[in-house]
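**Q** Just the structure for this:
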Amino acid sequence: MPTHPRIARNPDILSGKPAVAGTRIAVEFVLERLAAGWSEAEVLENYPQLSRDDVLACLAYARDLVEESAPAHAAE
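**A** Numbers count the residues shown, from 1 in each chain. Below is the predicted model:
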C-alpha cells in the first residue's frame, strides 16, 4: 500500500488504529462522518484541527485499503 504521510499508526494512540497524524482522530471516524452524510465543510467546522488535505488523506487511505483487498482481475 502506498504511504500516507498524513496518516499515522501508533500502538499508544487509539490502540494503533490509523489516525490523522498529530491528532487522536481516527481515519475510521472521519469516514463514518462522511458516510453519515456530513459534508467536508461540516467535518472541518466541527473538527478545526483537521484540514481539507487531512480529509482527502482519509479518503485516499480508505481507497488504497479497498484496492489492496480486492482480488486481482482475471485476464480476459
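
**Q** Wait, Ala19 touches Val27, no?
**A** Yes - counting by CB atoms under 8 Å, a contact exists between Ala19 and Val27, whose distance comes to 6.5 Å. Any C-beta I mention is one placed from the backbone N, CA and C, and that applies to glycine too.

**Q** Same drill for the two, tell me which one is more crowded.
**A** Neighbours per residue (other CB atoms under 10 Å) separate Ala19 from Val27, with Val27 holding more: 25 against 22.

**Q** Check which helices and strands the longest helix seen in the chain sits against.
**A** Here the longest helix in the chain is taken by residue count, with DSSP state H as the criterion, and it is helix 52-69. Using 3 or more CB pairs under 8 Å, 6 or more residues apart in numbering; DSSP states H and E as the contact criterion, the secondary-structure elements in contact with helix 52-69 are strand 7-8, strand 19-20, helix 27-35, helix 40-46.

**Q** now the ones you listed as a markdown table including distance to Ala60 and mean pLDDT?
**A** Listed next are those as a markdown table, based on distance: least, CB to CB, whole Å; pLDDT from 0 to 100:
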| stretch | distance to Ala60 | mean pLDDT |
| --- | --- | --- |
| strand 7-8 | 9 | 98 |
| strand 19-20 | 12 | 98 |
| helix 27-35 | 10 | 98 |
| helix 40-46 | 14 | 98 |
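
**Q** Just tell me which of those ends up closest to Ala57.
**A** Ranking the helices and strands packed on helix 52-69 by proximity to Ala57 (CB to CB) places strand 7-8 first, at 5.7 Å.

**Q** Partner strands of the closest one, with direction?
**A** As defined by DSSP bridges, the strand partners of strand 7-8 come to strand 19-20 (antiparallel).

**Q** For Asp64, give its distance to Gly16.
**A** For Asp64, the distance to Gly16 equals 18 Å [CB to CB, to the nearest Å].

**Q** Kind regards, and thank you for your time.
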